[in-house]
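> Whatever this is, show me its structure:
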Amino acid sequence: MEAVLQLTRLNGPVFALNPDLIERADATPDTVVTLVNGSKYVIRESLDELIQLILSYKGTLVAAAQQWSGVAWVTADSTSRGRHDAPRTTNTGNGRATVVALRPEES
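Here you go, the predicted model:
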């Protein structure tokens, strides 16, 4: 699993960037990535491509964490509890985990 994104500077060379350091990205129309320390990089990738790379990276982290911890992740069960914000506790056999849905499930 890579802990960095491989991006291409507008003038050519590829570089690695830790996505956790990104404060924001702007399309001006070139994509400008601003880091939390104020550094800026102009990249060839579009804003949409950058977002997809970040989502893929974050998804990989979540999948690895699930596999490593052995916890079965669940969302709040709005049908049996009647509340969208109620946490659900699951016993996975090797510990307990409480998971709260960030968004209510659509019925």
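> quick one: the helices in the chain?
Applying DSSP state H to the chain gives helices spanning 47-69, 78-81.
> worst average pLDDT in those helices?
Between those, the one with the least mean pLDDT is helix 78-81; it has a mean of 47.
> Could you chop the protein up by domain?
According to automatic domain parsing, the chain comprises the domains 1-69, 71-102.
> Switch the helices of the chain over to JSON lines; also include mean neighbour count and distance to Ile22.
Every residue, glycine included, has its C-beta placed from N, CA and C. Listed next are the helices of the chain as JSON lines, based on neighbours: other CB atoms under 10 Å; distance: least, CB to CB, whole Å:
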{"stretch": "helix 47-69", "mean neighbour count": "13", "distance to Ile22": "7"}
{"stretch": "helix 78-81", "mean neighbour count": "12", "distance to Ile22": "33"}
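> Switch those helices over to CSV; also include distance to Leu21.
Shown next, in CSV, are those (distance: least, CB to CB, whole Å):
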stretch, distance to Leu21
helix 47-69, 11
helix 78-81, 36
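> so where's the protein uncertain?
Scanning the chain with the threshold set as pLDDT under 70 gives 1-2, 70-107.
> thinking Thr31 is in contact with Ser46, fair?
Yes - between Thr31 and Ser46 there is a contact under CB atoms under 8 Å: 6.0 Å.
> Compare these two (neighbour count), which wins?
Using other CB atoms under 10 Å as the criterion, Thr31 and Ser46 rank with Thr31 on top: 20 against 14.
> so that one bridges to which residues?
With DSSP bridges as the criterion, Thr31 is bridged to Ala27, Ile43.
> then stretch 56-71 to PDB, C-alphas only?
Extracted as PDB, the C-alpha positions of stretch 56-71 are listed here (Å, rounded to 0.1, in the frame of the first residue of the first chain):
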ATOM      1  CA  SER A  56      -8.800   5.700  -3.700                       C
ATOM      2  CA  TYR A  57      -6.000   6.300  -1.200                       C
ATOM      3  CA  LYS A  58      -8.400   6.800   1.700                       C
ATOM      4  CA  GLY A  59     -10.400   3.700   0.700                       C
ATOM      5  CA  THR A  60      -7.300   1.600   0.700                       C
ATOM      6  CA  LEU A  61      -6.500   2.800   4.200                       C
ATOM      7  CA  VAL A  62     -10.000   2.000   5.500                       C
ATOM      8  CA  ALA A  63      -9.900  -1.500   3.800                       C
ATOM      9  CA  ALA A  64      -6.400  -2.200   5.300                       C
ATOM     10  CA  ALA A  65      -7.600  -1.100   8.700                       C
ATOM     11  CA  GLN A  66     -10.600  -3.300   8.600                       C
ATOM     12  CA  GLN A  67      -8.500  -6.300   7.500                       C
ATOM     13  CA  TRP A  68      -5.900  -5.600  10.200                       C
ATOM     14  CA  SER A  69      -8.400  -5.100  13.000                       C
ATOM     15  CA  GLY A  70     -10.800  -7.900  12.100                       C
ATOM     16  CA  VAL A  71     -13.700  -5.600  13.000                       C
END
